[in-house]
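Engineer: Structural data only, the sequence is not supplied:
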């Protein structure tokens, strides 16, 4: 009986500590967003005179109007195009690479997989100068298409690592039954393996999509003109143009963050399911 009481007390203490830590983490995570939203609706000097966490005197929407009517729309379209093309290519390449690594047995399976995983340890910024020179020589410099190759290459190692572990958990009996029905390897990949890998692909789409949406270094290095730049550079440009108008910069940050925030709200269940399924099966 004493042991039962002690274990129950320990369990309550553990849950209490976990809840306190969760609340603290939520406060730390939400506070910057509340700070941005509140101050984005204030006038130029209102934040300095009234405080940063006070409600605005009136919801001043001119900040958003000025941002949207400026170059923000062009930056947004560029980001959407780069994200859509890069993410599609990345998922296709990762799936095509993960399928043989997870389902076939050949001598170079282990070394190739180890080499791909080892690429995750390469610092991204080390590749800036080589990629810049390559882009100039290919005639892609200062265009949104220059970003697609680096974005796909950056995401391949972690994507193959996760997706290979996920595909290994798919029962081989499914392939055997498909072979009996006359399916070849290509048909099996597109009709059986890819549909069953949707949770893993959804996880990779969200994870890599957020990274591509917020990427700054390659976008800054490989583009020069305003019409070819993406949203992270919009924040940088508005910061330089409105350095004394902090509410305007807050409005840019809110508009930049909003698409990914909405995506995560609607897709967080798929992200969690994909991560846990890959962890258990891999």
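Structural biologist: Received it, and whenever you're ready, just let me know what you need. Predicted model only: the values in this text are computed from it and were never measured.
Engineer: got a list of what residue 164 touches?
Structural biologist: 98, 101, 102, 113, 282 (CB atoms under 8 Å, 6 or more residues apart in numbering). Where you see a C-beta, it was placed from the backbone N, CA and C, and this is true even at glycine.
Engineer: if you set the cut-off to 6 Å instead, what comes out?
Structural biologist: 98, 101, 102 (CB atoms under 6 Å, 6 or more residues apart in numbering).
Engineer: Look up how far residue 89 lies from it.
Structural biologist: According to CB to CB, to the nearest Å, residue 164 and residue 89 sit 18 Å apart.
Engineer: Closest one to residue 136 out of the contacts of residue 164, please.
Structural biologist: Closest to residue 136 out of these is residue 98 (32.7 Å), distances taken as CB to CB.
Engineer: Assess the claim that residue 147 and residue 82 are in contact.
Structural biologist: Yes - Residue 147 is within contact range of residue 82, at 5.1 Å (criterion: CB atoms under 6 Å).
Engineer: which one of these two has more residues nearby?
Structural biologist: residue 147 (29 against 23; other CB atoms under 10 Å).
Engineer: For that one, which three-state class applies?
Structural biologist: helix (DSSP: H, G, I helix; E, B strand; the rest coil).
Engineer: Which residues are in contact with it?
Structural biologist: 82, 218, 222.
Engineer: can I assume the first one is in contact with residue 144?
Structural biologist: Yes - Residue 82 sits in contact with residue 144 when judged by CB under 6 Å, with a separation of 5.3 Å.
Engineer: The stretch 151-282 of the chain: helices as residue ranges?
Structural biologist: Using DSSP state H, counting those that start in this stretch, the helices of the stretch 151-282 of the chain run over 172-180, 185-188, 194-196, 198-214, 217-222, 231-241, 246-281.
Engineer: just the angle between the fourth one and helix 231-241, please?
Structural biologist: Compare the direction of helix 198-214 with that of helix 231-241 by axes from the mean of the first three to the mean of the last three CA atoms, to 10 degrees and you get 20 degrees.
Engineer: And helix 198-214, what does it pack against?
Structural biologist: helix 73-103, helix 148-168, helix 246-281 (3 or more CB pairs under 6 Å, 6 or more residues apart in numbering; DSSP states H and E).
Engineer: Could you name the helices and strands sitting against the helix or strand hosting residue 16?
Structural biologist: Assigning secondary structure by DSSP states H and E places residue 16 in helix 2-40. With contacts defined as 3+ CB pairs under 6 Å, 6+ apart, helix 2-40 has these neighbours: helix 246-281.
Engineer: redo that, cut-off 10 Å
Structural biologist: The helices and strands touching helix 2-40, judged by 3 or more CB pairs under 10 Å, 6 or more residues apart in numbering; DSSP states H and E, are helix 46-50, helix 62-67, helix 246-281.
Engineer: So for the second one, what gets flagged as buried?
Structural biologist: Right, the one you point to is helix 62-67. 63, 64, 66, 67 (16 or more other CB atoms under 10 Å).
Engineer: The first one is in contact with residue 44, isn't it?
Structural biologist: What it means is residue 63. Yes - with contacts counted by CB atoms under 10 Å, residue 63 reaches residue 44, the gap being 9.0 Å.
Engineer: So what's the residue count around residue 170?
Structural biologist: For residue 170, using other CB under 10 Å, the count is 17.
Engineer: And for residue 216?
Structural biologist: 13.
Engineer: Starting from residue 207, give me the distance back to the closest residue in space to it that isn't next to it in sequence.
Structural biologist: Once flanking residues are discounted, residue 216 sits nearest to residue 232: 4.3 Å by CB to CB, 6 or more residues apart in numbering. Distance, residue 232 to residue 207, using CB to CB: 17 Å.
Engineer: quick one: low-confidence ranges for the protein?
Structural biologist: 1-6, 239-243, 268-282 (pLDDT under 70).
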